[in-house]
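J.: 3D, please:
(chains A and B)
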Protein chains: 2
Amino acid sequence: MNLHARRGFMLVLSSPSGAGKTTLARWLLQADAGFVMSVSATTRAKRGVEIEGKDYFFVDEKRFEEMARAGEFLEHAVVFGHRYGTPKKPVEEALAKGRDVLFDIDWQGTQQLAQRAKDDLVRVFVLPPSRAELERRLKERAQDTHDVVTARMAKADGEISHWAEYDYVIVNDDVARAQKELSSIVAAERLKRRRQTGLVEFVKKLGGK
Amino acid sequence: MNLHARRGFMLVLSSPSGAGKTTLARWLLQADAGFVMSVSATTRAKRGVEIEGKDYFFVDEKRFEEMARAGEFLEHAVVFGHRYGTPKKPVEEALAKGRDVLFDIDWQGTQQLAQRAKDDLVRVFVLPPSRAELERRLKERAQDTHDVVTARMAKADGEISHWAEYDYVIVNDDVARAQKELSSIVAAERLKRRRQTGLVEFVKKLGGK
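T.: Residues are numbered from 1 along each chain as shown, chains lettered A, B, ... in the order given. I've put the predicted structure just below:
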């Protein structure tokens, strides 16, 4: 009997680009050994430094379509003509072993996950502290032309419009505070009664049975 | 506009006696200024040091019955011939002001709260680390006769049997860790999107509207 046996959960971090999601995700993976990153399957070509099974599972169109038809994806989508999807099996295996799985997906993928695995899903939306700051970060990042920044702001507005579909919201005005808040969410979700599968046997023993 | 405006929540801490619930509750009230303690109404006589409106609202049987019929209680029960109930109004006022309200009630009161205010409710069950330790604490506390301890263990078993009706479970084998876990739960619940009422206006502004 292992009191601490538990079922993992799927953590989705979504935000408009420029809100600091990627920094938070990288930090969480380094700071918390309980997490693994979800690896997507994709039909796009492998780039130089990418590693099969770590960055992506690279599959051809035919194989992707078979997997989609067989219901082997938790979510999938087309982006710039290439297909991307989250294979269900490795996620399910990780959750069963008590590992938590981090996802970097948008609101559309999140909606699909919610339909297929609601109980295992924890959705966190990261908001920028202000419109001015979001614009500043987008400008700084790309040193883009005015038109590109305007288009990105419009895209950010589209993403932000889905904030209310998430379970938790973090306003990222201070990285240290955002990290602390994310840690609290993770710690609390691990304390959820229904994830603490080891307690069933523990409570029997506690009751002298 | 106040970005940090939020709706409070009701935190129920339940456990068998001897699991450390009272120590945790006292610590939380001192350590976290966001919390107020729920004050019950009761028909029992006021004792020497008790303060009306702080320890209890002391009411007579007739008044209690009126309140019960008018639906003014979130939960109520009879204990040793006296009636006890949680008046709805002060709790509702606290929640609306963004204060969190701590309850020290058993599983029966918790079930009633869940029927009447599910969205505002956060249920935490505190388990002792082992049967031996629970027995040791009950013996130490009361220096009771063998029969009394046996009866209390039976009562504890009854309470523990409801552990699965709670949202979170803390195994109290180390006070500092239990405090940290409770803090994480509180912090996470405050980050729940639906409690962060100030975000609605904030997001409008963020979208340039």
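J.: find the centremost residue of chain A, please.
T.: residue A:103 (2.1 Å; Cα atoms, centre = their mean).
J.: just checking, that one touches residue A:113?
T.: Yes - with contact defined as Cβ atoms under 8 Å, residue A:103 and residue A:113 form a contacting pair (7.3 Å). Yep, even glycine has a C-beta here, placed from its N, CA and C like the rest.
J.: what do the two both touch?
T.: A:10, A:12, A:86 (Cβ atoms under 8 Å, 6 or more residues apart in numbering or on different chains).
J.: now, those that are in strands?
T.: Using DSSP state E, the subset of these located in strands is A:10, A:12, A:86.
J.: and the residues you listed, which is closest to residue B:167?
T.: Nearest to residue B:167 among those: residue A:10, at 18.5 Å, using Cβ to Cβ.
J.: what's the spacing between that closest one and chain B?
T.: If you measure residue A:10 against chain B using Cβ to the nearest Cβ, to the nearest Å, the figure is 16 Å.
J.: in the helix or strand bottoming out on mean pLDDT in chain A, what counts as buried?
T.: Every helix and strand of chain A was ranked by mean pLDDT, DSSP states H and E. The lowest is helix A:131-142, at a mean of 84. Across helix A:131-142, burial judged by 16 or more other Cβ atoms under 10 Å in any protein chain shown covers A:131, A:134, A:135, A:137, A:138, A:139.
J.: hmm, back to that, closest to residue A:172 among the shared contacts of residue A:103 and residue A:113?
T.: residue A:12 (15.8 Å).
J.: the closest one and residue A:103 touch, don't they?
T.: Yes - with contact defined as Cβ under 8 Å, residue A:12 reaches residue A:103; the gap is 4.6 Å.
J.: so what sits against both of the two?
T.: With Cβ under 8 Å, 6+ apart, residue A:12 and residue A:103 have common neighbours A:109, A:110, A:113.
J.: before we move on, back to that, can you list the buried residues of helix A:131-142 in CSV and add distance to residue B:74?
T.: Output for the buried residues of helix A:131-142, formatted as CSV (distance: Cβ to Cβ, whole Å):
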residue, distance to residue B:74
A:131, 41
A:134, 42
A:135, 46
A:137, 45
A:138, 47
A:139, 51
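J.: contacts with chain B among those residues, please.
T.: A:131, A:134 (Cβ under 8 Å from any Cβ of the partner chain).
J.: which of the buried residues of helix A:131-142 sits closest to chain B?
T.: residue A:131 (5.3 Å; Cβ to the nearest Cβ).
J.: any stretches of chain A with poor pLDDT?
T.: A:1, A:142-144, A:208-209 (pLDDT under 70).
J.: one more pass at 90, please.
T.: The model of chain A has pLDDT under 90 over residues A:1-4, A:17-20, A:48, A:79-80, A:104-106, A:117-118, A:133-155, A:205-209.
J.: all strands for it, in order.
T.: A:10-14, A:35-37, A:40-42, A:56-58, A:73-79, A:82-87, A:100-103, A:121-127, A:168-171.
J.: could you redo those strands as CSV and give each row distance to residue A:26?
T.: Supplementary listing: those in CSV, determined by distance: least, Cβ to Cβ, whole Å:
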stretch, distance to residue A:26
strand A:10-14, 11
strand A:35-37, 10
strand A:40-42, 17
strand A:56-58, 17
strand A:73-79, 21
strand A:82-87, 19
strand A:100-103, 10
strand A:121-127, 13
strand A:168-171, 15
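J.: which residues does residue A:180 contact?
T.: Contacts of residue A:180 by Cβ under 8 Å, 6+ apart are residue B:187.
J.: recalculate using a threshold of 10 Å.
T.: Residues counted as contacts of residue A:180 (Cβ atoms under 10 Å, 6 or more residues apart in numbering or on different chains) are A:170, A:174, B:187.
J.: now those residues in CSV, with neighbour count?
T.: As requested, the contacts of residue A:180 are exported to CSV (neighbours: other Cβ atoms under 10 Å in any protein chain shown):
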residue, neighbour count
A:170, 26
A:174, 11
B:187, 17
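J.: between the residues you listed, which sits nearest residue B:205?
T.: Nearest to residue B:205 among the contacts of residue A:180, with distances taken as Cβ to Cβ, is residue A:170, at 17.4 Å.
J.: would you agree that closest one is in contact with residue A:186?
T.: No - if you go by Cβ atoms under 10 Å, residue A:170 and residue A:186 don't touch, sitting 11.8 Å apart.
J.: now the common contact residues for those two.
T.: What both residue A:170 and residue A:186 touch, as defined by Cβ under 10 Å, 6+ apart, is the set residue A:124.
J.: which parts of chain A are helices?
T.: Under the criterion DSSP state H, chain A contains helices at A:21-31, A:61-69, A:88-96, A:107-117, A:131-142, A:146-160, A:175-190, A:199-206.
J.: out of these, which is closest to residue B:146?
T.: Nearest to residue B:146, of the helices of chain A and by Cβ to Cβ, is helix A:199-206 at 20.4 Å.
J.: what's the closest one packed up against?
T.: strand B:121-127, helix B:131-142, helix B:146-160, strand B:168-171 (3 or more Cβ pairs under 10 Å, 6 or more residues apart in numbering or on different chains; DSSP states H and E).
J.: pull out the buried positions in the third one.
T.: In other words, helix B:146-160. In helix B:146-160, counting by 16+ other Cβ under 10 Å, buried: B:149, B:152, B:153, B:156, B:157, B:159, B:160.
J.: what sits against residue A:126?
T.: Counted by Cβ under 10 Å, 6+ apart, residue A:126 has contacts A:13-16, A:19-25, A:163, A:166, A:168-172, A:178, A:181-182.
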